[in-house]
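In: 3D, please:
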Amino acid sequence: MFESLTEKLSSALRNLRGVGKLSEENMATALAEVRAALLTADVHFKVAREFTERVQAQCAGQEVLKGVTPGQQIIKIIHDELVKLLGEGATELNAARPLRVMMVGLHGSGKTTSTAKLGRLLKKRGYKPFVVACDVHRPAAIDQLEILAKQEELGFYADRESKDVPAIGVAGVAAATAQGADAVLFDTAGRLQIDEGLVDEVKRLGAVTRPQEVFLVADGALGQEAVNVAKVFHDALNLTGLVLTKLDGDARGGASLSIKSVTGIPIKFIGTGEKTDDFETFYPDRLASRILGMGDVVSLVEKAKESIDEKEAERMAEKMRKADFNLEDFLAQLQAVKKMGSMQSIVGMIPGMSGVQLGDGAEQQMVRTEAIIKSMTFQERRKPELLNGSRRQRIANGSGTKISDVNQLLKQFQQMQKMMKMMKGGGSKKMMRQLEAMRGKGGFPGM
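Out: Residues are numbered from 1 along each chain as shown. Sure, this is the predicted structure:
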């Protein structure tokens, strides 16, 4: 979502290279570009103005530290100001048990999916979550929540006959208590726009269920409208946090930079995709780093820990060290990487790579590679040398690919095996030449 902002900020800061001292004069052009970049990203005009004024006040007259360029110094200042803008420190959930959370928002913001995502996250943290279907207006809303609850093995309650939302909430709490749940999540109804009926319904639900957390689920693609929606809901319900969704899209993302400053409501979670595991605790410093193209190594490591078994990783590392790595092993690694999320999201967490756009080709290549390997027999994966012409044609037919795709995969895998043998034998220079050659030919998918 922030690729355009990252690119524009980087362009603005490039003008400061070679400057020996930061002054009002040499900062004026750069900060004008920074402000323009923020406004283009749909950041609230008042927030953008105050942000650049604070940055300029800190930068003017500062001596550039030894070994640090002015660009690096101002990036640090802008990073710190972005963290303040987004809300300093990690915004954790209320620690109460039993915990009750009411999810509110407009129609289409992703409340039902976010409810299931939050339930999944709470389950990983040791809670026993229970979801209550309080959206009695949207067709199939109850069915959607029930399907997601079954998928994530969450407790579930619904009353398909009643339209009395507060009564459904009370009955849901009773059902959750009976099942020993210690976290109850209420999925409420939305509207295409805010109206008195919507606000009154959730107010009455809150009065009888007394949630410790009231989260507004806001579509990050709404821009400044998300800020206005947050203000109205906050005035009526005293929101305790925000869940920003669809941050994997191509919207400008200014709402996430404005919403905390304008409303004072902390962002607590962000939705980064459609899957139930595409849901993260919001860390202002990490998002600020991503926006400035500095990556997010901490989140990348956390995702790797969640997705990749440590013992399996050690076993694979040993096989690679001994040059005993086959297509069965590669398939396992490919599937482990897929669990971490899309390739684009992973690349965005690598320092210096946030502006790199992989396009659909990288994801398609991974899917194609997986299909080809899965079309092989176990013996063929273990011993690719068995793959003669007829077997390769069978694999191409079975995977819906061309025989040239199968041949290319096998050729690149052979090159990969050669490199492992070089590593085993200490031939590092020759290995680097091979890597360069492979990179020029499109590389090996998933490396």
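In: which non-adjacent residue is nearest Ile168?
Out: Once flanking residues are discounted, Ile168 sits nearest to Asp159: 5.1 Å by C-beta to C-beta, 6 or more residues apart in numbering. To be clear about C-beta, it is placed using only N, CA and C from the backbone, and glycine gets the same treatment.
In: which residues of this protein fall in strands?
Out: 99-104, 129-134, 155-157, 183-188, 213-219, 241-245, 267-271, 279-281 (DSSP state E).
In: reformat those strands as JSON lines; add mean neighbour count.
Out: Formatted as JSON lines, these follow (neighbours: other C-beta atoms under 10 Å):
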{"stretch": "strand 99-104", "mean neighbour count": "25"}
{"stretch": "strand 129-134", "mean neighbour count": "28"}
{"stretch": "strand 155-157", "mean neighbour count": "23"}
{"stretch": "strand 183-188", "mean neighbour count": "28"}
{"stretch": "strand 213-219", "mean neighbour count": "25"}
{"stretch": "strand 241-245", "mean neighbour count": "26"}
{"stretch": "strand 267-271", "mean neighbour count": "23"}
{"stretch": "strand 279-281", "mean neighbour count": "19"}
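In: okay if I get those as CSV plus mean pLDDT and distance to Lys46?
Out: As requested, the strands of the chain are exported to CSV (pLDDT from 0 to 100; distance: least, C-beta to C-beta, whole Å):
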stretch, mean pLDDT, distance to Lys46
strand 99-104, 95, 26
strand 129-134, 96, 36
strand 155-157, 97, 43
strand 183-188, 96, 31
strand 213-219, 90, 19
strand 241-245, 88, 19
strand 267-271, 87, 19
strand 279-281, 86, 28
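In: please produce CSV containing those, extended by distance to Arg120.
Out: Formatted as CSV, those follow (distance: least, C-beta to C-beta, whole Å):
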stretch, distance to Arg120
strand 99-104, 13
strand 129-134, 8
strand 155-157, 13
strand 183-188, 11
strand 213-219, 15
strand 241-245, 13
strand 267-271, 12
strand 279-281, 7
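In: among these, which is nearest Leu287?
Out: Nearest of those to Leu287, taken as C-beta to C-beta: strand 267-271 at 7.8 Å.
In: partners of that closest one in the sheet?
Out: strand 241-245 (parallel), strand 279-281 (antiparallel) (DSSP bridges).
In: nearest to Arg191, out of those?
Out: strand 241-245 (16.7 Å).
In: can you list contacts of that closest one?
Out: 91, 103, 109-110, 113-114, 118, 213-220, 226, 230, 255-256, 259-260, 265-271, 282 (C-beta atoms under 8 Å, 6 or more residues apart in numbering).
In: let me see the contact set for the residue nearest to Ile168.
Out: Here Asp159 is in contact with Ala167, Ile168, Ala171 (criterion: C-beta under 8 Å, 6+ apart).
In: my read: Ala175 touches Ala158, true?
Out: No. Ala175 is beyond contact range of Ala158, at 9.7 Å (criterion: C-beta atoms under 8 Å).
In: who touches both of these two?
Out: Joint contacts of Ala175 and Ala158 (C-beta under 8 Å, 6+ apart) are Val132.
In: the more surrounded of these two?
Out: Ala158 (23 against 18; other C-beta atoms under 10 Å).
In: residues touching Val170, list them.
Out: Val208, Thr209.
In: repeat that for 10 Å
Out: Neighbour list for Val170: Val132, Asp164, Leu205, Val208, Thr209 [criterion: C-beta atoms under 10 Å, 6 or more residues apart in numbering].
In: need those in CSV (columns: distance to Phe186).
Out: Listed next are the contacts of Val170 as CSV, based on distance: C-beta to C-beta, whole Å:
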residue, distance to Phe186
Val132, 5
Asp164, 14
Leu205, 7
Val208, 11
Thr209, 6
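In: what separation do you get for Leu93 and Leu244?
Out: Taking C-beta to C-beta, to the nearest Å as the measure, Leu93 and Leu244 are separated by 16 Å.
In: actually Glu7, sorry about that
Out: On the measure of C-beta to C-beta, Glu7 and Leu244 end up 21 Å apart.
In: try Ala30
Out: 29 Å.
In: ok, Thr52 touching Leu38?
Out: Yes. Here Thr52 lies in contact with Leu38, judged by C-beta atoms under 10 Å, at a distance of 7.7 Å.
In: quick one on the thing from earlier: and which of the contacts of Asp159 is nearest to Gln144?
Out: Ile168 (16.1 Å).
In: and the residue nearest the centre of the chain, its phi and psi?
Out: Of all residues in the chain, the one closest to the mean position by C-alpha atoms, centre = their mean is Thr272, 3.5 Å from it. For Thr272, the backbone dihedrals (degrees, to the nearest 10) come out as phi -120, psi 10.
In: low-confidence regions, the stretch 201-350 of the chain specifically.
Out: 220-224, 247-256, 293-310, 312-313, 316-323, 340-350 (pLDDT under 70).
In: show me the domain layout of the protein.
Out: 3-86, 99-293, 302-440 (automatic domain parsing).
In: of these, flag the one that's most buried.
Out: Greatest average neighbour count among the domains of the chain goes to domain 99-293 (a mean of 20), per mean count of other C-beta atoms under 10 Å.
In: run the chain-centre distance for that domain.
Out: 17 Å (C-alpha atoms, centre = their mean, to the nearest Å).
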